[in-house]
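K.L.:
Show me the folded form of this:
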Amino acid sequence: MEEQKNKLYVGNLPYSTNDEGLGQLFAEFGEVVEAKVITDKFSGRSKGFGFVTLKDEEAANKAVEAMNGKEIEGRPLTVNVARPMRERR
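P.N.:
Model prediction:
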């Protein structure tokens, strides 16, 4: 599977952040195609990270520059280009 340079990993999210809120955080950089906060499949609670897919690579690069290390609700975000998922054994 090839790397998507417009899909971003967003870590250290406040647990109160939902898909909509995550999308709004990144909307200023370009069109958000998808925003997904990863949740625990049993409790439904946020795991504190998610993924944002922006329409183009340029918007994604701007978002990484601006948002990596930015504090949201007292938590510094980790934002970088998402790596392809590895196969689990």
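K.L.:
Tell me which stretches of this protein form strands.
P.N.:
7-11, 32-39, 46-54, 71-72, 75-76, 78-81 (DSSP state E).
K.L.:
Give the pairing partners of the fifth one; include direction for each.
P.N.:
The reference is to strand 75-76. As defined by DSSP bridges, the strand partners of strand 75-76 come to strand 71-72 (antiparallel).
K.L.:
quick revisit: quick one: closest of the strands of the chain to Glu65.
P.N.:
Comparing the strands of the chain by their distance to Glu65 (C-beta to C-beta), the top pick is strand 78-81, with 8.9 Å. (C-beta placed from N, C-alpha, C; glycine too.)
K.L.:
picking up where we left off before, could the strands of the chain be laid out in a markdown table, adding mean pLDDT?
P.N.:
Formatted as a markdown table, the strands of the chain follow (pLDDT from 0 to 100):
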| stretch | mean pLDDT |
| --- | --- |
| strand 7-11 | 97 |
| strand 32-39 | 97 |
| strand 46-54 | 97 |
| strand 71-72 | 96 |
| strand 75-76 | 97 |
| strand 78-81 | 97 |
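K.L.:
Distance to Arg89 added to these, as TSV?
P.N.:
Formatted as TSV, the strands of the chain follow (distance: least, C-beta to C-beta, whole Å):
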stretch	distance to Arg89
strand 7-11	22
strand 32-39	20
strand 46-54	21
strand 71-72	35
strand 75-76	32
strand 78-81	25
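K.L.:
looking at these, which is closest to Leu25?
P.N.:
Taking these one by one with C-beta to C-beta, strand 71-72 is closest: 7.1 Å.
K.L.:
And the strands of the chain: which comes nearest Glu20?
P.N.:
strand 32-39 (7.5 Å).
K.L.:
picking that back up, so can I have a markdown table of the strands of the chain showing mean neighbour count and distance to Phe26?
P.N.:
Formatted as a markdown table, the strands of the chain follow (neighbours: other C-beta atoms under 10 Å; distance: least, C-beta to C-beta, whole Å):
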| stretch | mean neighbour count | distance to Phe26 |
| --- | --- | --- |
| strand 7-11 | 20 | 8 |
| strand 32-39 | 16 | 5 |
| strand 46-54 | 20 | 5 |
| strand 71-72 | 14 | 11 |
| strand 75-76 | 14 | 16 |
| strand 78-81 | 16 | 9 |
